[in-house]
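1. this one's sequence-less:
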């Protein structure tokens, strides 16, 4: 089966996203993989919300351009998305509230009297979506029991009456669709014999859970799209897992709070979008200068300024690599899907502690907010390693003692050691010092940490696909999903996926790209920032770039077309 | 044991002779000796400005952060280890210009911090520009034609923002200053101690003589629990009309009192370790 593309659209504020999530879980619980892509404007009510659910027999992390089944809960959904309908697609709507334009040939129309069912059974228009999901599930052969289980879980803790009512309206939608369109339903979601246990999880959730699993004790995060869901996931779990989440007055405070907490001994993090990270740039260098461990999540959306708040972009790569004045060791990682986001977050806490410096994870909105279906994260082997760290009284303590690897023994206030941490250039004791020799010693010590990191922790990038290929794709971040989909169409394309940005895996990238026949760089920005970085680090110039900066993620079709052109 | 002697560091003090910081430095050391503040129980956080050098001259663990940002650093230290005595050293530019937003919000949260506000109404370290505390008409390098901005009143601001201990002192009166530092520190909640101090090099108006002649001590009959009276008191400023002492005091749970996670013990009393999150992962199935 080709990946099946379902799109559900309606007015913002009417639960489109939660309905889409339930629908996608009907799919995963029936044995399929899903990928959910969200499009929505930067408003709360009245705008147009769309969730696209890709259902596939294989793992999938991208959405296609076309729609195989459109669930229209308002007129705008029909107007905007009818043109995307594939050959023999289905369209579900309510003729009492929407008007159909002339449809492409082959489209099957399913007219479901949603409003009528609402009036007869539900009594309130908040049940519209549940009816629609019930009917939609029936039309693609979904199992009503799984749907009811999901509704019961979703409304857990609410009154029995409310749950019963949701069951009734879902069943009404389901039964109507089954009876009315008995010979037109497709067994897209027919329950598979072999089912894998799968979560449906967004990158933001993966980051939040990764931080909790890694032993994070303090997070200060100011809300900003696309990373707000990190705090939405963290905040309700703080008592259960015994950490503090704090909403500060601004991002400047967020990063300074996280630094203070870390200085006092807590594993700490902060997160923001590019705009918030602008405010954090000052604190970023403070963490580096004071050698305070810190994990920073930088979520990318369309910039500059307020830009495209709810749309994706990869325009901040150069920004995070150069933010703040002066020079200091920068560890920057990039996550390409939920699984990577989870594991890189966990690793980032160990790297921050080991190197006593800020570690940035850069993620695009497409990773932050899209839902990935993945097996429950496996983290058995992880050990929370705090590096050179002591809470014991030392005979003579120097916070910035010189060392071969650049790392000094860190201690925390309150345990008896006299600890002087200083944003001014300082000597080994931490006292302000402007002497030339001391400056060289301390600068070299800090920069040595990056060299040590490159030697001890930098992972080789992954080359996916055949060893020998006619086209070698280079990319990073969420593009991974669309590239992997596109590669299904070729047996002569491989893909270099980069997750370590700094320190940069120069030798490994050089080796792979030197052997490549043709290189295609793919990025969601207008200036090919990664290609520039590769040129800077390896000397290899990349001529073929596929760049996109309209706020939309890459679709596999676009990559397939580009590769075909090159071959 | 903490004594004024063993709070010494190897560093030579670099404030100008006559600077008000000497009085504050002395009083802090006196208070530390009296209250037994040391490296097992206290930490100081400083901003940037002449005041911020204090971490080089006193043997207490310290974090000298960025200009204006001492308060958020201190706030989080207190949140994760509320048993530590956390003191913030900040200046009028540091606290009220660059860090004004943090000052306001930490007061609102009533975080259990002691804010020592070095107020010389001038930018000293950057060699003499106007500050948020400089009077209207004040001539400085940045206001050669006279300052057009009205000075901010940090104590009125502190009370209205939610601070629960608000006091003023003069840097030259070391015994009273020491006492006020201790009182501010013992208060459970956000304590602001504004210390009027001269900048002998750049501020020719607010001299030692000026403060000696124009400050008066609040009488014993003054009730610092009366919020309306306290507001009125903070507005007093003029010839022989600058009140010093405890202006406002309120009993209200501090931020840290209200965080359930730290009811039993400080957050960092349990070492950071891997957590089992399988139960939460299940909710995503």
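-> That came through, no problem. Predicted model, so just to flag it, every value in this text is computed and none were measured.

2. Relative to the whole chain's centre, how far out is the helix or strand hosting residue B:26?
-> Here residue B:26, judged by DSSP states H and E, is contained in helix B:21-35. Centre-to-centre, helix B:21-35 and its host chain are 14 Å apart (Cα atoms, centre = their mean, to the nearest Å).

3. quick check, it touching chain A?
-> No - figure legend: helix B:21-35 not in contact with chain A (Cβ under 8 Å from any Cβ of the partner chain); closest approach 13.0 Å. For every residue, glycine as well, the C-beta is placed using N, CA and C.

4. following the helix or strand where residue B:43 lies, which helix or strand comes up?
-> In the assignment (DSSP H and E), residue B:43 maps to strand B:42-46. Sequence-wise, the next helix or strand downstream of strand B:42-46 (DSSP H and E) is strand B:62-64.

5. about what we covered before: pull out the buried positions in the strand holding residue B:43.
-> Buried positions in strand B:42-46, judged by neighbour count with 16 or more other Cβ atoms under 10 Å in any protein chain shown: B:42, B:43, B:44, B:45, B:46.

6. That strand: partners in the sheet, and parallel or antiparallel?
-> Strand partners for strand B:42-46, identified by DSSP bridges, are recorded as strand B:62-64 (parallel), strand B:85-91 (parallel).

7. just those: most buried one?
-> Using mean count of other Cβ atoms under 10 Å in any protein chain shown, the stretch among those with the largest mean neighbour count is strand B:85-91, at a mean of 29.

8. Is chain A within reach of whichever helix or strand comes after it?
-> Beyond strand B:85-91 in the direction of the C-terminus, DSSP H and E gives the next helix or strand as helix B:92-93. No - where contact is defined by Cβ under 8 Å from any Cβ, no part of helix B:92-93 touches chain A; the two come within 16.0 Å at best.

9. Other residues contacting helix B:92-93?
-> Residues from elsewhere that reach helix B:92-93 (Cβ atoms under 8 Å, 6 or more residues apart in numbering or on different chains): B:49, B:67, B:117-123, B:131-133, B:154.

10. Any chance of CSV for these, columns neighbour count, secondary structure and pLDDT?
-> CSV is the format used below for those (neighbours: other Cβ atoms under 10 Å in any protein chain shown; DSSP: H, G, I helix; E, B strand; the rest coil; pLDDT from 0 to 100):
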residue, neighbour count, secondary structure, pLDDT
B:49, 25, coil, 95
B:67, 19, coil, 98
B:117, 26, strand, 98
B:118, 30, strand, 98
B:119, 27, strand, 98
B:120, 29, coil, 97
B:121, 23, coil, 97
B:122, 29, coil, 96
B:123, 26, strand, 96
B:131, 29, coil, 97
B:132, 20, coil, 98
B:133, 25, coil, 97
B:154, 25, helix, 98
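
11. could you pick out which of the residues you listed are near chain A?
-> Restricting the contacts of helix B:92-93 to those touching chain A (Cβ under 8 Å from any Cβ) yields no residues.

12. What is the nearest of these to chain A?
-> Chain A has its nearest neighbour among the contacts of helix B:92-93 in residue B:67, at 9.0 Å by Cβ to the nearest Cβ.

13. these two touch, right, the closest one and residue B:51?
-> No - contact criterion Cβ atoms under 8 Å: residue B:67 and residue B:51 do not qualify, at 11.2 Å.

14. Now for those two: what residues contact both?
-> Applying Cβ under 8 Å, 6+ apart, one finds that residue B:67 and residue B:51 are jointly contacted by residue B:94.

15. Mind jotting down where the helices sit in the stretch 51-200 of chain B?
-> B:70-80, B:92-93, B:100-109, B:154-161, B:174-186 (DSSP state H, counting those that start in this stretch).

16. So for residue A:116, which of those helices sits nearest?
-> For these, the distance to residue A:116 is smallest for helix B:100-109, at 51.9 Å, taking Cβ to Cβ.

17. Give the other helices and strands that the closest one contacts.
-> Here helix B:100-109 touches helix A:251-263, helix B:70-80, helix B:154-161, going by 3 or more Cβ pairs under 8 Å, 6 or more residues apart in numbering or on different chains; DSSP states H and E.

18. Select, out of those, the one closest to residue A:183.
-> Closest to residue A:183 of the helices and strands packed on helix B:100-109 is helix A:251-263 (Cβ to Cβ; 57.2 Å).

19. Off-centre distance for the closest one?
-> The chain centroid and the centroid of helix A:251-263 are separated by 23 Å under Cα atoms, centre = their mean.

20. Single out the residue in the stretch 351-500 of chain A that lies closest to chain B.
-> Proximity of the stretch 351-500 of chain A to chain B (Cβ to the nearest Cβ) peaks at residue A:413, 4.0 Å away.

21. so that residue sits right up against residue B:84, yeah?
-> Yes - between residue A:413 and residue B:84 there is a contact at 6.1 Å, judged by Cβ under 8 Å.

22. Now for these two: what residues contact both?
-> In contact with both residue A:413 and residue B:84: A:264, B:42, B:43, B:77, using Cβ under 8 Å, 6+ apart.

23. doesn't residue B:60 make contact with the third one?
-> By that I understand residue B:43. Yes - taking Cβ under 8 Å as the definition, residue B:43 is a contact partner of residue B:60 at 7.0 Å.

24. ok so, going back, residue A:413 and residue B:84: which is more packed in?
-> Using other Cβ atoms under 10 Å in any protein chain shown, the more surrounded residue of residue A:413 and residue B:84 is residue A:413, with 28 against 22.

25. and that one, what does it touch?
-> Counting by Cβ under 8 Å, 6+ apart, residue A:413 makes contact with A:263, A:264, A:419, B:39, B:42, B:43, B:61, B:77, B:81, B:84.

26. can you pull the pLDDT of residue A:369?
-> Looking at residue A:369, its pLDDT is 97.

27. Report the separation between it and residue A:387.
-> Distance of residue A:369 to residue A:387, given as Cβ to Cβ, to the nearest Å: 33 Å.

28. Same check on residue A:228?
-> Look at residue A:228 and residue A:387: by Cβ to Cβ, they are 31 Å apart.

29. okay, the two: which has more neighbours?
-> The neighbour count for residue A:228 versus residue A:387, taken as other Cβ under 10 Å, is higher for residue A:228 (19 against 15).

30. for the more buried one, what are its contacts?
-> By Cβ under 8 Å, 6+ apart, the residues touching residue A:228 are residue A:204.

31. Any figure for the gap between it and residue A:204?
-> 8 Å.

32. hang on, the earlier thing: nearest to residue A:429 among the helices of the stretch 51-200 of chain B would be which one?
-> Closest approach to residue A:429 among the helices of the stretch 51-200 of chain B (Cβ to Cβ): helix B:70-80, 19.8 Å.

33. tell me the angle of that closest one relative to helix A:251-263?
-> 50 degrees (axes from the mean of the first three to the mean of the last three Cα atoms, to 10 degrees).

34. Is any residue of helix B:70-80 near chain A?
-> Yes - against chain A, helix B:70-80 shows contacts by Cβ under 8 Å from any Cβ at B:72, B:73, B:74, B:75, B:76, B:77, B:79, B:80.

35. Just among the residues you listed, which is most surrounded?
-> residue B:73 (35 neighbours).

36. Show the pLDDT at that one.
-> Here the pLDDT value assigned to residue B:73 is 98.

37. separation between the closest residue in space to it that isn't next to it in sequence and residue B:59?
-> Leaving aside its chain neighbours, residue B:73 sits nearest to residue A:260 (3.6 Å; criterion: Cβ to Cβ, 6 or more residues apart in numbering or on different chains). Residue A:260 is 21 Å from residue B:59, where distance means Cβ to Cβ.

38. what about these two, which has more around it?
-> Applying other Cβ under 10 Å to residue A:260 and residue B:59 shows that residue A:260 carries more neighbours, namely 32 against 18.

39. these two touch, right, the more buried one and residue B:72?
-> Yes - contact criterion Cβ under 8 Å: residue A:260 and residue B:72 qualify, at 6.5 Å.
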